[in-house]
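Trainee: requesting a structural model of the entry that follows:
(chains A, B, C and D)
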There are 2 protein chains.
Amino acid sequence: MSQTVDRALTILPLLAEGPAGLDQVAARLDVHKSTALRLLRTLHAHGLVYRQQDQRYRLGARLFALAQQAVEALDIREIAHPYLAELNERTGHTVHLAVYEQGEVVYIDKVESRYPVRMYSRIGRPVALTVAAVAKLLLADLPEPERRAVAERLEYPRYTARSTPDAAAFLAELARVREQGWATDLGGHEESINCIGAPLYGPDGRVCAAMSVSAPNVVVAAADLLRLRPLVLRTAEAVSAELSGTTVPGPATPNASATPPVPATANAPALRTAPAAGPTTMSALTTDPSEEAPE
Amino acid sequence: MSQTVDRALTILPLLAEGPAGLDQVAARLDVHKSTALRLLRTLHAHGLVYRQQDQRYRLGARLFALAQQAVEALDIREIAHPYLAELNERTGHTVHLAVYEQGEVVYIDKVESRYPVRMYSRIGRPVALTVAAVAKLLLADLPEPERRAVAERLEYPRYTARSTPDAAAFLAELARVREQGWATDLGGHEESINCIGAPLYGPDGRVCAAMSVSAPNVVVAAADLLRLRPLVLRTAEAVSAELSGTTVPGPATPNASATPPVPATANAPALRTAPAAGPTTMSALTTDPSEEAPE
DNA sequence: ATGGGTGTTGCACATGGTGCAACACGGCAC
DNA sequence: GTGCCGTGTTGCACCATGTGCAACACCCAT
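Mentor: The predicted model follows:
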């Protein structure tokens, strides 16, 4: 680790607390003023630090530009895909990834069910907004006025007896989804298809995508599908963590052996390597998919 | 300038373009792999850089956290005040600073008119949303659904004959304001008071506050007040620049002697030191306040 | 004027950063 | 399997670079 760079970077969180003068910085870094000055100058040259009128230093605009550019360059699909594949591997069911865009929710990725009976859907195709689990998740996080605007603008087709009937019911459902952090569609679109989904959070803490597991009744009863919830939630959290660039990815969270990690190596997630037995705290949650796996 | 830090910081914009592997980074920095590795490790330790599954590096979440914390720590009032004072100094009129919060627009700073006839207002007091220039500016930048929601929820009191009559007219006005980048209130609140305002942009490019100059008819005719527009706009831009932490603050824009700078030293802006005469291109705009100053 | 508070500069010293060369690892082709 | 790339990683000797000091420049207050 480079000492100089280390010191320079320590300045950033320090300045994030509020503007500071040269020797405040020097003092908190425990270095000579002249050293602090040179570091600040370098940061300044890169626009990460800005000098305000009273000579004190503040974080600079470049920081915002960088953060913004980084989220734009983020490829959700690329990052999420191994996790989706893993989820499909463990459950055997169809897995979807969807985003909200301009009043529509569209699938941007899909891993096909390994069961012979499959649900129909296509990447790029808009989703039935009023009933799909992913749509509920994505709409639930919109700012209140926009959410309401969308809900009121929508039509509420009665695909089935369980379809969301009207805007009021939909808004209530969105509120619940927002509250609980996951969503379902139990035969709301196609009588025989159920679905459970969870939100993916971006670096800004907002929901930026949603994923779901779908399966027809004939393959797995709704109650059984719902037992995948912890798995779906954990997977979604893992993707969120990686999207936000926080935790170390890959297998085994460094601190605990309790939480089974999600994917492992690059494009070949390998959760299956986790021993089937063993003192996992998740026994009840895991709903071991092997017993209901096809073939 | 510190070479090491310089190199390390050069990595950030590089990664902002998209993920990159170790030797791509090394190559673009024109340093040895081992050097690049150490720099990346240091950045990683500070959370500015994140290592994704395929071993490539990406910008990390800390960057967002920092940027966010920085905007929260931004004290608009503190930064804007010298500029407001300067504007008051040059025009003699009342200058306001306002922000939007939870459906309301409130004044957060004010510099009193130097004329004997003053308009009434108070810091912290909510503003008449449907007519005030600052309210128009702040509402105009809200996301469309929220803007519409607010506009429809409002009442439209007829303070005067020129008050905004209804939601439709208000939305149309907001659209124009958004388009032109400034706003007026010509006798919409008090028959005899006119007002011209401009928006302040935060680091995220959104309008985060608005400032305005107000004066009663008896002091200056509406047409004359409107001639302050360039001055108000320039001042607003200067504040925005400083809020975003971009340009070098202080007197004299480095390149041109044509554009009169705005404030100068810390808490004592000293534009007045600019010679009253001299080859400014602004002669028509400046509306030299000294000739109509009180006392 | 005088003094304390800033931010700034030049310089001699040795710390800490550098590139090299060798190693470890994983994938791919044959 | 065996060899070969292309990766990322480590240890080390050298000297460039970052470091702290002391002296200076500046502003403001008393």
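
Trainee: C-alpha only now, for contacts and for neighbours.
Mentor: Noted.

Trainee: all helices of the stretch 101-250 of chain A, in order?
Mentor: Secondary structure of the stretch 101-250 of chain A by DSSP state H, counting those that start in this stretch: the helices cover A:133-140, A:144-153, A:167-180, A:222-226, A:229-244.

Trainee: pick the most buried one from the ones you listed.
Mentor: Here the criterion is mean neighbour count by mean count of other CA atoms under 10 Å in any protein chain shown, and of the helices of the stretch 101-250 of chain A the winner is helix A:133-140, at a mean of 30.

Trainee: now do that one against helix A:144-153, angle only.
Mentor: Relative orientation of helix A:133-140 with respect to helix A:144-153: 130 degrees, computed using axes from the mean of the first three to the mean of the last three CA atoms, to 10 degrees.

Trainee: helix A:133-140 and chain B, are they touching?
Mentor: No: counting by CA under 8 Å from any CA of the partner chain, chain B is not contacted by helix A:133-140; separation bottoms out at 13.6 Å.

Trainee: counting contacts, what elements does that helix pack onto?
Mentor: For helix A:133-140, the elements it packs on are strand A:94-101, strand A:104-111, helix A:167-180, strand A:183-186, strand A:193-201, strand A:207-216, judged by 3 or more CA pairs under 8 Å, 6 or more residues apart in numbering or on different chains; DSSP states H and E.

Trainee: rebuild the ones you listed as TSV, extending it with mean pLDDT and distance to B:Val131.
Mentor: Putting the helices and strands packed on helix A:133-140 into TSV (pLDDT from 0 to 100; distance: least, CA to CA, whole Å) gives the following:
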stretch	mean pLDDT	distance to B:Val131
strand A:94-101	94	34
strand A:104-111	92	35
helix A:167-180	96	33
strand A:183-186	96	43
strand A:193-201	96	39
strand A:207-216	95	36
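
Trainee: of these, which is nearest DNA strand C?
Mentor: Across the helices and strands packed on helix A:133-140, DNA strand C has its closest neighbour in strand A:104-111 (21.3 Å, CA to the nearest atom of the strand).

Trainee: if we can go back for a sec, let's have the helices of the stretch 101-250 of chain A in JSON lines, adding distance to DNA strand D.
Mentor: Conversion of the helices of the stretch 101-250 of chain A to JSON lines gives the following (distance: least, CA to the nearest atom of the strand, whole Å):
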{"stretch": "helix A:133-140", "distance to DNA strand D": "35"}
{"stretch": "helix A:144-153", "distance to DNA strand D": "43"}
{"stretch": "helix A:167-180", "distance to DNA strand D": "38"}
{"stretch": "helix A:222-226", "distance to DNA strand D": "39"}
{"stretch": "helix A:229-244", "distance to DNA strand D": "18"}
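
Trainee: which residues does A:Gly197 bridge with?
Mentor: A:Ala183, A:Ser212 (DSSP bridges).

Trainee: count the residues that sit near it.
Mentor: 30 (other CA atoms under 10 Å in any protein chain shown).

Trainee: same check on A:Gly188?
Mentor: Neighbour tally, A:Gly188, other CA under 10 Å: 23.

Trainee: tell me the pLDDT at it?
Mentor: We note a pLDDT of 95 for A:Gly188 in this prediction.

Trainee: in the stretch 1-150 of chain A, where is pLDDT below threshold?
Mentor: Low-confidence segments of the stretch 1-150 of chain A, defined by pLDDT under 70, are located at A:116-121.

Trainee: any idea which of the helices and strands packed on helix A:133-140 gets closest to A:Ala8?
Mentor: Between A:Ala8 and the helices and strands packed on helix A:133-140, the tightest spacing by CA to CA is seen for strand A:193-201, at 30.0 Å.

Trainee: near chain B, which residues of the stretch 51-200 of chain A? Just list them.
Mentor: Going by CA under 8 Å from any CA, the residues of the stretch 51-200 of chain A near chain B are A:51-55, A:58-64, A:66-67, A:69-70, A:73-74, A:144-146, A:149.

Trainee: if we use 7 Å, what do you get?
Mentor: With CA under 7 Å from any CA of the partner chain as the criterion, the stretch 51-200 of chain A comes near chain B at residues A:52-54, A:59-61, A:63-64, A:66-67, A:69-70, A:73, A:145-146, A:149.

Trainee: and these, which are buried?
Mentor: For those, burial is judged from neighbour counts taken by 16 or more other CA atoms under 10 Å in any protein chain shown, and it is met by A:52-53, A:59-61, A:63-64, A:66-67, A:69-70, A:73, A:145-146, A:149.

Trainee: between these, which is nearest DNA strand D?
Mentor: Of all these, DNA strand D sits closest to A:Gln53, with 11.2 Å by CA to the nearest atom of the strand.

Trainee: can you report phi and psi for the residue of chain A positioned farthest from its centre?
Mentor: Each residue of chain A has a distance to the centre, and by CA atoms, centre = their mean the biggest one is for A:Ser34: 43.9 Å. Backbone geometry at A:Ser34, expressed as degrees, to the nearest 10, gives phi -60, psi -40.

Trainee: returning to that earlier point: would you point out the most distant pair within the residues of the stretch 51-200 of chain A next to chain B?
Mentor: Maximum distance among those (CA to CA): 45.8 Å, for A:Asp54 and A:Ala149.

Trainee: spatially nearest residue to A:Asn76 (excluding sequence neighbours)?
Mentor: Just so we're on the same page, residue A:76 is Ile rather than Asn. Distances taken as CA to CA, 6 or more residues apart in numbering or on different chains put A:Leu243 closest to A:Ile76, at 7.3 Å, once the chain neighbours are dropped.

Trainee: and if you look at A:Leu174?
Mentor: Closest residue to A:Leu174 apart from its sequence neighbours, by CA to CA, 6+ apart: A:Ala140 at 4.8 Å.

Trainee: surely that neighbour is in contact with A:Glu173?
Mentor: No: between A:Ala140 and A:Glu173 there is no contact, the gap being 8.6 Å when judged by CA atoms under 7 Å.

Trainee: what domains does the record give for chain A?
Mentor: According to automatic domain parsing, chain A is divided into the following domains: A:3-71, A:74-268.

Trainee: dump those domains into JSON lines; add distance to B:Tyr83 as well.
Mentor: Conversion of the domains of chain A to JSON lines gives the following (distance: least, CA to CA, whole Å):
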{"stretch": "domain A:3-71", "distance to B:Tyr83": "11"}
{"stretch": "domain A:74-268", "distance to B:Tyr83": "32"}
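
Trainee: re earlier: the helices and strands packed on helix A:133-140: which one's closest to A:Val239?
Mentor: Of all the helices and strands packed on helix A:133-140, it is strand A:193-201 that lies closest to A:Val239, at 6.8 Å by CA to CA.

Trainee: now what about the closest one, what contacts it?
Mentor: Residues outside strand A:193-201 that contact it (CA atoms under 7 Å, 6 or more residues apart in numbering or on different chains) are A:133-134, A:137, A:181-187, A:207-217, A:222, A:226, A:232-233, A:236-237, A:239-240.
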